[in-house]
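[1] Predicted structure and sequence below. I'll ask about it afterward.
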Amino acid sequence: MTTAPERTADLYPTRGATEVSTPRQDPVVWAMPDGERAKGPIDDAELSGFERNGFLTVDQLITPDEVDVYRAELDRLITDPVIRADERSIIEPTSQDVRSVFEVHKLSEAFAKLVSDPRVVGRAQQILGSEVYVHQSRINVKPGFGASGFYWHSDFETWHAEDGLPNMRTVSVSIALTENYATNGGLMIMPGSHHTFLGCAGATPKDNYKKSLQMQDAGTPSDEALTKLADAHGIRLFTGRAGSATWFDCNCMHGSGDNITPYPRSNVFIVFNSMENQAVEPFAAPVPRPDFIGARPPFVPVR
């Protein structure tokens, strides 16, 4: 494992010989340097709910006209043969369909504008109490009739172990570009699970990202741990129309099922990290993942 000189302690041990549970060491909603919470589009009740549950929903973050623009852009990206051949595109191993395209805020002017939209970045700045940069962006595509899901995991476990994010000062937003039904592989979160960090057992293989982006292996919690979390917190399934959005804390235990319905499910996924929580060397991997998956220096704040 690489040791970074600028890092003093690993607050969240993972990828060791055994599974380890660690109480959260960081705030969920971060204060500004003056000790006050940042002002923004999230009201006090919503912010308290986010702090308690680890997520908040917005019924219509973007308008139907905007949904049409971003859906057309998604379709353009996943059908472009040059982009399909790029390593930023992840292909379903069975159907050979495009599963995800990473770094879309750099591939697409439309998605770059979405990232810097005050409705989007403003909420991230408010939750994290600072300027932010994009740690990761991608579009996820779940066509009907068999698109595979994403197994239960904490994003922070991977971002800490393999990307070197020191603290839980990172937030994600999933913006629906299609209807999210209860049946077409929607996002599931265990409310309140973000208050405990689950360090997974097992070392990180070399170039783990090449396999994990298609099928998670390293960083996967045990059945026993998942059962305890589900018994303690329950499971919330998110549904909603195109244009709705779900914000969730980096340490939420979450996943999604396969989509065997005829109805596709697509979304744009943006990860904002605090400029005060910049990535260092990985805490539990030989080398960092490529920067199209987890941003590396120089870090540029979203304006």
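    Happy to help now that I have it. Numbering: from 1, shown residues only.
[2] In stretch 227-246, which residues are buried?
    For stretch 227-246, burial by neighbour count (16 or more other C-beta atoms under 10 Å) applies to 229, 233, 236, 238, 240, 242-246. Using the backbone N, CA and C atoms, a C-beta is placed for each residue, glycine as well.
[3] Also stretch 10-28?
    Buried, per 16+ other C-beta under 10 Å, within stretch 10-28: 12, 14-15, 24, 26, 28.
[4] go on, stretch 38-48?
    38, 40, 42, 46-47.
[5] Show residues contacting stretch 256-263.
    Applying C-beta atoms under 8 Å, 6 or more residues apart in numbering, the contact partners of stretch 256-263 are 142-150, 178-179, 181, 183-188, 265.
[6] Which among the residues you listed count as buried?
    The neighbour-count test (16+ other C-beta under 10 Å) marks 142-143, 147-148, 150, 178-179, 184-188, 265 as buried among these.
[7] Which members of those residues are positioned in strands?
    142, 150, 187-188, 265 (DSSP state E).
[8] Can you name the two of these that sit furthest apart?
    Spatially, the most separated pair among these is 142 and 188, at 13.6 Å (C-beta to C-beta).
[9] how about the helices in this structure?
    Ranges of helices within the chain are 44-53, 64-79, 81-85, 104-107, 109-115, 118-128, 155-158, 209-212, 223-233, based on DSSP state H.
[10] Tell me what angle the last one forms with helix 44-53.
    Here helix 223-233 runs at an angle of 150 degrees relative to helix 44-53 (axes from the mean of the first three to the mean of the last three C-alpha atoms, to 10 degrees).
[11] So residue 290 is in contact with residue 136, correct?
    No. The pair residue 290 / residue 136 is not scored as a contact, 10.9 Å apart, by C-beta atoms under 8 Å.
[12] Which residue of those two possesses the greater neighbour count?
    residue 136 (24 against 15; other C-beta atoms under 10 Å).
[13] how near is that one to residue 155?
    9 Å (C-beta to C-beta, to the nearest Å).
[14] Need the distance between the two termini of stretch 270-282.
    Using C-alpha to C-alpha, to the nearest Å, the end-to-end distance of stretch 270-282 comes to 21 Å.
[15] distance from the centroid: which residue in this structure tops it?
    residue 34 (28.5 Å; C-alpha atoms, centre = their mean).
[16] Report the separation between that residue and residue 48.
    Per C-beta to C-beta, residue 34 is found 20 Å from residue 48.
[17] Kindly report the same for residue 54.
    In terms of C-beta to C-beta, residue 54 sits 12 Å off from residue 48.
[18] quick revisit: could you export the buried residues of stretch 227-246 as JSON lines, including distance to residue 110 and pLDDT?
    Listed next are the buried residues of stretch 227-246 as JSON lines, based on distance: C-beta to C-beta, whole Å; pLDDT from 0 to 100:
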{"residue": "229", "distance to residue 110": "37", "pLDDT": "98"}
{"residue": "233", "distance to residue 110": "36", "pLDDT": "98"}
{"residue": "236", "distance to residue 110": "30", "pLDDT": "98"}
{"residue": "238", "distance to residue 110": "24", "pLDDT": "97"}
{"residue": "240", "distance to residue 110": "21", "pLDDT": "96"}
{"residue": "242", "distance to residue 110": "16", "pLDDT": "98"}
{"residue": "243", "distance to residue 110": "15", "pLDDT": "98"}
{"residue": "244", "distance to residue 110": "19", "pLDDT": "98"}
{"residue": "245", "distance to residue 110": "16", "pLDDT": "98"}
{"residue": "246", "distance to residue 110": "21", "pLDDT": "98"}
